[in-house]
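Q: only the shape, not the letters, is given here:
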């Protein structure tokens with residue numbers, strides 16, 4: 001009988017000891033390499049990645065350029081030194097150009113693991129987002145912003161209405177995506193346009209809630225990986241929309257077509273690239289542009305949802321900081337007066353305080369709270385003995401950097417003057433990373449900022465915004481379930 005008990009006990013203890021030895025070896029990863037790190041507690045409750053990265057940054061930023069952490073059981077490197085951040089994103093980009101690693105869809109060229117493919121696609125798309133092209137798209141943004149008037153359009157002086165910022169911003173982003181990307185006018189009542197509008201709005205509202213929920217849970221790595229991988233897993237999912245876009249765009253009177261959109265610019269670009277070697281007619285180029293745009297729809301949804309989220313944050317900050325709002329409205333009215341009350345792309349370019357307000361919103365509430373890279377080769381950290389192994393996940397903590405009191409005094413205070421020209425020049429170039437940096441920076445940053453600026457001018461030109469007494473502070477302490485977050489309400493008052 002004794003041997004049976006011994007055999008049973010051995011059968012239990014040996015697997016446990018082997019498992020313990022495995023995890024002990026795994027969690028000694030950084031000790032073996034002499035890299036400062038936060039020790040994981042194998043049996044404790046999993047810490048949210050946002051809090052883990054924030055605590056790592058605060059504890060080690062003054063003593064080491066990198067620190068190791070474990071995301072569940074996987075080792076990752078958090079970059080703390082801004083000079084090293086610059087190397088990772090820009091100077092030594094060739095060692096960190098892989099954003100996600102190996103498990104990507106080859107059909108998603110913008111997020112392809114083949115660097116030659118995404119670089120080629122990037123070169124083709126970049127001209128569509130130049131400043132001169134944004135000036136062409138500007139009229140479409142103005143038309144999309146008409147939905148912002150809503151209930152406030154017929155207000156008498158001193159009257160006000162209560163508005164839900166979540167609903168307002170998502171509706172505007174959906175209109176903007178349809179008009180600015182596909183050239184579908186807000187008043188197009190054709191069956192295909194109505195169907196496409198409803199589908200896009202549903203997708204965008206879902207994406208907006210997903211982004212909001214990810215922030216609520218504080219899982220930054222999960223949120224940013226979800227944002228990047230969303231495009232790769234959905235590249236085939238939206239192909240049914242291509243037929244809707246085709247029905248809406250093709251067959252309309254050319255004189256009535258809206259040509260101030262990315263689809264039109266993309267078709268022009270394809271025609272210019274292939275004019276000498278292709279017999280394709282204009283319709284063929286537009287069909288190819290539609291296919292390319294629909295394949296990129298997941299990325300577009302993420303971008304426009306982030307713009308809606310940033311606009312919501314900005315409006316709430318303005319409602320909470322009346323003096324900033326007063327100065328902003330004063331600039332808007334003054335610049336428009338000098339342009340004979342005509343709001344143009346050029347006029348928007350002269351609204352410098354408006355740009356500072358949007359930039360400060362993105363500093364305090366960055367849409368991208370974490371940048372993720374993966375090393376393609378072994379990397380020796382300059383001025384140290386540390387070596388980052390090939391294939392290691394490297395994290396740049398955007399949120400922590402942009403809330404560092406040593407870089408931005410009183411970081412929770414909303415202060416657009418932080419982005420005066422002199423103040424920007426005095427800071428490190430990588431102290432602000434809301435649109436990433438280097439060759440992988442955000443392609444649509446000009447379009448995103450234009451969407452936010454147009455909305456602010458449209459609302460503040462004839463209205464003031466104030467907080468509703470019943471609305472709690474929505475951005476600092478989200479609940480676990482995004483559906484339980486109370487409506488974010490503001491009062492819009494006519495002037």
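A: It's in. The shown structure was predicted, so the numbers you read here are calculated from the model rather than taken from an experiment. Residues are numbered from 1 along each chain as shown.
Q: give the helix, strand or coil label for residue 332.
A: Classification of residue 332 using DSSP: H, G, I helix; E, B strand; the rest coil returns helix.
Q: tally of neighbours for it?
A: 23 (other CB atoms under 10 Å). Every C-beta, even on glycine, is put in place using the N, C-alpha and C of the backbone.
Q: which residue ranges form the strands in this protein?
A: 66-71, 74-79, 160-164, 371-374, 379-380, 387-388, 393-396, 463-467, 489-494 (DSSP state E).
Q: go through the ones you listed and name the closest to residue 440.
A: Closest approach to residue 440 among the strands of the chain (CB to CB): strand 371-374, 8.2 Å.
Q: let me see the contact set for the nearest residue to residue 61 once chain neighbours are set aside.
A: Closest residue to residue 61 apart from its sequence neighbours, by CB to CB, 6 or more residues apart in numbering: residue 80 at 4.6 Å. Applying CB atoms under 8 Å, 6 or more residues apart in numbering to residue 80 gives the contacts 57, 60, 61, 64, 65, 66, 67, 397.
Q: next up, phi/psi of residue 80, please.
A: Per-residue torsions, residue 80: phi -110, psi -30 (degrees, to the nearest 10).
Q: ok, now how distant is it from residue 186?
A: Distance of residue 80 to residue 186, computed by CB to CB, to the nearest Å: 47 Å.
Q: likewise residue 378?
A: Taking CB to CB, one finds residue 378 at 54 Å from residue 186.
Q: what's the neighbour count on residue 324?
A: 19.
Q: surely residue 398 and residue 367 touch.
A: No: assessed by CB atoms under 8 Å, residue 398 is found out of contact with residue 367, at 9.4 Å.
Q: need the residues touching each of those two.
A: In contact with both residue 398 and residue 367: residue 434, using CB under 8 Å, 6+ apart.
Q: comparing these two, which residue is more hemmed in?
A: Neighbour totals were compared for residue 398 and residue 367, and residue 398 leads with 26 against 23 (other CB under 10 Å).
Q: the residue nearest to residue 380 when sequence neighbours are not counted - how many residues pack around it?
A: Once flanking residues are discounted, residue 380 sits nearest to residue 387: 5.5 Å by CB to CB, 6+ apart. Residue 387 has 14 neighbours, counted by other CB under 10 Å.
Q: which ones are touching residue 387?
A: Going by CB under 8 Å, 6+ apart, the list of residues near residue 387 reads 33, 378, 379, 380, 381.
Q: run the last query once more with 7 Å
A: 33, 378, 379, 380 (CB atoms under 7 Å, 6 or more residues apart in numbering).
Q: please list only the buried members of these.
A: For the contacts of residue 387, a burial check counting by 16 or more other CB atoms under 10 Å picks out residue 379.
Q: now flag whichever of the contacts of residue 387 is closest to residue 195.
A: Looking across the contacts of residue 387 and measuring by CB to CB, the closest to residue 195 is residue 379, at 49.9 Å.
Q: that older thread, would you tell me which of the strands of the chain gets closest to residue 125?
A: Once the strands of the chain are compared by CB to CB, strand 371-374 is nearest, at 20.3 Å.
Q: and that closest one, how far from the chain's centre?
A: Centre-to-centre, strand 371-374 and its host chain are 15 Å apart (CA atoms, centre = their mean, to the nearest Å).
Q: and for stretch 185-204?
A: 24 Å.
Q: what do you get for stretch 390-406?
A: That offset, for stretch 390-406, works out to 16 Å (CA atoms, centre = their mean).
Q: distance between the ends of that stretch?
A: 32 Å (CA to CA, to the nearest Å).
Q: give the residue spans of the chain that score low on pLDDT.
A: Across the chain, the ranges flagged by pLDDT under 70 are 1-26, 41-48, 98-118, 150-159, 214-239, 250-258, 273-280, 282, 470-489, 494-495.
Q: got the contact list for the most centrally placed residue in it?
A: Centroid check for the chain by CA atoms, centre = their mean gives residue 367 as the closest residue, at 4.2 Å. Residue 367 makes contact with 306, 309, 310, 434 under the criterion CB under 7 Å, 6+ apart.
Q: ditto for residue 449
A: With contact taken as CB under 7 Å, 6+ apart, residue 449 is in contact with residue 358.
Q: repeat that with 10 Å
A: Residue 449 sits next to 134, 307, 310, 348, 354, 355, 358, 359, 362, 435 when contact means CB atoms under 10 Å, 6 or more residues apart in numbering.
Q: residue 493 - nearest residue in space that isn't next to it in sequence?
A: residue 160 (3.7 Å).
Q: my guess is that neighbour meets residue 492, correct?
A: Yes: assessed by CB atoms under 10 Å, residue 160 is found in contact with residue 492 at 6.0 Å.
Q: look at those two and report which has more neighbours.
A: residue 492 (25 against 16).
Q: bridged to the more buried one, which residues?
A: residue 161, residue 465 (DSSP bridges).
Q: how close does it get to residue 362?
A: 23 Å.
Q: what separates stretch 128-140 from the chain centre, distance-wise?
A: 20 Å.
Q: any buried residues in it, and which?
A: For stretch 128-140, the neighbour count (16+ other CB under 10 Å) marks 128, 129, 133, 134, 135, 136, 137, 138, 139, 140 as buried.
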